[in-house]
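Trainee: The sequence isn't on hand, but the structure is:
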Ligand code: HEM
């Protein structure tokens, strides 16, 4: 990691995401006004617990610009077809009904058996090198989700690879080659879920069965929407859970006193909750004003972008969002990450690890190399 990262503040909330030590900067942002216009970025910043909550709760603050449901570069493509249906990217009825279905189905997951199953899967893939660890923090959560959804083990590696390719379409940093790969992956993911649903192979008791049942019960009939949001469950798991797991491994390395946790696995969930507050995986999200909005006397005109700096909200907030778009997958992510730490922490102690962060404007995901950051 560049030495200058330790002495230079991040230039803005985007570079803070992958900065070695951004939390003093975030604290200073939180000490400033909850909502301010940043002339350099040409958008608004919502900071501190008050600013973050106010914007995420405000009905005029939408997840997409009013006139652009799907980004121009994805319009008319398989990625665009998924993007346009995701609960994460919609408001009103197109958000409320699918969100209710997903929340109810995710709420039925038996967390103890998920954790046991993930522990078994993680125990089978204990990383023996930094490279293997980099793959494992992405793969294990995706394997566990694919299993939960009802896919057979032979399908997991392809599903995980497609999901990692697909999420490239969600990042403004992706190049043309990555975007082309995302389109192929989007098609493959849609077909995989389509086959699973069509062939009546839905495993009784699986999460897919619960989603189908809840969709029927609540009257969510748009089959394209269901398929897209099934892909969404994998894509929402991908970067965020890798970040949680990776940042927990960084904490174990940077705070040697935590190594005692290996002997007390019942403390892993509390440790992970701390990590999700102190070094969260998702540092910011965006909102767009659909009409003029007032926040404690500050007027934001219609059509503006607001960067909601989640990581500046301090310990009052979790890294899982807030308000109507808050994450419904928190318990699942924590159960999977707990299992991985339990299976890997002992073996990781003897691995010499250094880390930087994967390029991203919103997700903090370490990339490990052989070495020593200390
Ligand atoms: C550590 C792991 C995770 C973190 C840090 C995380 C974080 C977040 C955040 C911050 C949001 C809100 C985004 C916004 O308001 O703009 C969100 C939304 C969402 N997350 Fe997660 N997430 C994680 C894992 C998961 C998992 C495992 C699933 C699926 C099982 C999931 C499913 C979703 C969905 C469907 C939404 C959209 C909800 C909506 O728009 O109403 N997440 N997540």
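Mentor: Noted; the coordinates are in hand. Keep in mind it's a predicted model, so treat the numbers as computed, not measured. Numbering: from 1, shown residues only.
Trainee: what's the longest helix in this structure?
Mentor: helix 223-254 (DSSP state H).
Trainee: Flag every buried residue along it.
Mentor: 225-253 (16 or more other C-beta atoms under 10 Å). Heads up, the C-betas are built off the backbone N, CA and C, glycines and all.
Trainee: for whichever helix or strand comes after it, packing partners?
Mentor: Using DSSP states H and E, the helix or strand that follows helix 223-254 towards the C-terminus is helix 268-278. Using 3 or more C-beta pairs under 8 Å, 6 or more residues apart in numbering; DSSP states H and E, the elements in contact with helix 268-278 are helix 223-254, helix 330-348.
Trainee: give me the subset of the buried residues of helix 223-254 touching the ligand.
Mentor: 232, 233, 236, 237, 240, 241, 244 (C-beta under 6 Å from any ligand atom).
Trainee: For the fifth one, give me its contacts.
Mentor: Read that as residue 240. Residue 240 is in contact with 281, 282, 327, 329, 333, 363, counting by C-beta atoms under 8 Å, 6 or more residues apart in numbering.
Trainee: if we go to 10 Å?
Mentor: Going by C-beta atoms under 10 Å, 6 or more residues apart in numbering, residue 240 touches 141, 167, 276, 280-282, 319-320, 327, 329-330, 333, 362-365.
Trainee: Going by distance to the ligand, which of those wins?
Mentor: Of all the contacts of residue 240, the ligand sits closest to residue 329, with 2.2 Å by C-beta to the nearest ligand atom.
Trainee: for that closest one, phi and psi?
Mentor: Phi and psi for residue 329, reported as degrees, to the nearest 10, are phi -100, psi 10.
Trainee: just to revisit the earlier point, may I ask which of the contacts of residue 240 has the most neighbours?
Mentor: Top of the contacts of residue 240 by neighbour number is residue 141, holding 30 neighbours under the definition other C-beta atoms under 10 Å.
Trainee: Isn't that one up against residue 281?
Mentor: No - judged on C-beta atoms under 10 Å, residue 141 makes no contact with residue 281 at a distance of 11.1 Å.
Trainee: Overlap in contacts, the two.
Mentor: Here residue 141 and residue 281 have 239, 240, 241, 242, 244, 245, 333, 337 as joint contacts, going by C-beta under 10 Å, 6+ apart.
Trainee: Turn these into CSV, including distance to residue 98.
Mentor: Below are the shared contacts of residue 141 and residue 281 laid out as CSV (distance: C-beta to C-beta, whole Å):
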residue, distance to residue 98
239, 21
240, 19
241, 21
242, 24
244, 24
245, 27
333, 19
337, 25
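Trainee: and these as CSV, adding distance to residue 260 and pLDDT?
Mentor: Below are the shared contacts of residue 141 and residue 281 laid out as CSV (distance: C-beta to C-beta, whole Å; pLDDT from 0 to 100):
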residue, distance to residue 260, pLDDT
239, 30, 97
240, 27, 98
241, 25, 98
242, 25, 98
244, 21, 98
245, 19, 98
333, 24, 97
337, 19, 98
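Trainee: which stretches of the protein have low pLDDT?
Mentor: Scanning the chain for pLDDT under 70 picks out 1-7, 200-201, 316-317, 374.
Trainee: So which bits of it are right by the ligand?
Mentor: Going by C-beta under 6 Å from any ligand atom, the residues of the chain near the ligand are 87-88, 99, 102, 106, 232-233, 236-237, 240-241, 244, 281-282, 285, 319-321, 325, 327-329, 332-333.
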